[in-house]
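> Mind folding the following:
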Amino acid sequence: DFCQCPHCPLSIQTHPYCPLIANTVTIVKRFEHMLSYDEIHLKVITEERVISQDTTIQRAISSLLGVVSATSGCPHTAFFKPMARFHLPLSSEEETIFRVTSMFMLAQYFLKKEGKPVDFQLKNLERIYQNIHIVNDSISKRLRAASKTDSVVNSIVLLDLYAKNLPYVIEDSLEEICHLFEPFLNENDISA
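Okay, here's the model as predicted:
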């Protein structure tokens, strides 16, 4: 219960350890001797591709924590499980916005198929990110108390920048890429 998220639906009796923190312990231990601005060459190898990039420790850990948090068992990060399955390490802000909104809209498709209410205005996505901001804030307090350096804490700060800014930049960012969807917007092209 140390710095437990104020909106955590899990009880200490059924979950004595925060699932997100429990899944970050090895990451904290592995990188506790490194500073957030230390430069590294990161190479991520998956079945589908290899991604290789020079970056900082905090960006590398932030990308890793994105996957870990989505699959940790935390009820507030569970919405991001589809993104973890199709993870794009070190994604840019534009790529992240595209992936987040695409994932959310695909979820709306599945909700509609189930006869459930849908949200094409992205209001629930804003709520998800407001909850993620609260999680990030609590997690960073826990990590600050457990870490010897700033690398893991600053990686949470990077993740939280998306959580705080995403609800405000989604609409503008989507407008910027709207032209890419012209063929869909022109009904004649779809039926041809």
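> Is it correct that residue 99 falls within a strand?
No - assessed with DSSP: H, G, I helix; E, B strand; the rest coil, residue 99 is helix; it does not lie in a strand.
> distance of it from residue 143?
When CB to CB, to the nearest Å is the yardstick, residue 99 and residue 143 sit 25 Å from each other. C-betas here are computed from N, CA, C, even on glycine.
> Run a quick neighbour tally on the nearest residue to residue 23 once chain neighbours are set aside.
Counting by CB to CB, 6 or more residues apart in numbering, residue 72 is the residue found nearest to residue 23 once chain neighbours are left out, at 4.4 Å. Residue 72 sits with 21 neighbouring residues when counted by other CB atoms under 10 Å.
> roughly how far is stretch 12-31 from the heart of the chain?
If you compare the mean C-alpha spot of stretch 12-31 with that of the full chain, they lie 17 Å apart, counting by CA atoms, centre = their mean, to the nearest Å.
> So for that stretch, what gets flagged as buried?
In terms of neighbour count (16 or more other CB atoms under 10 Å), stretch 12-31 has its buried residues at 18, 19, 20, 21, 23, 24, 27, 28, 31.
> Repeat that for stretch 31-50.
31, 34, 36, 42, 44.
> Look up how far residue 132 lies from residue 27.
Relative to residue 132, residue 27 is positioned 18 Å away (CB to CB).
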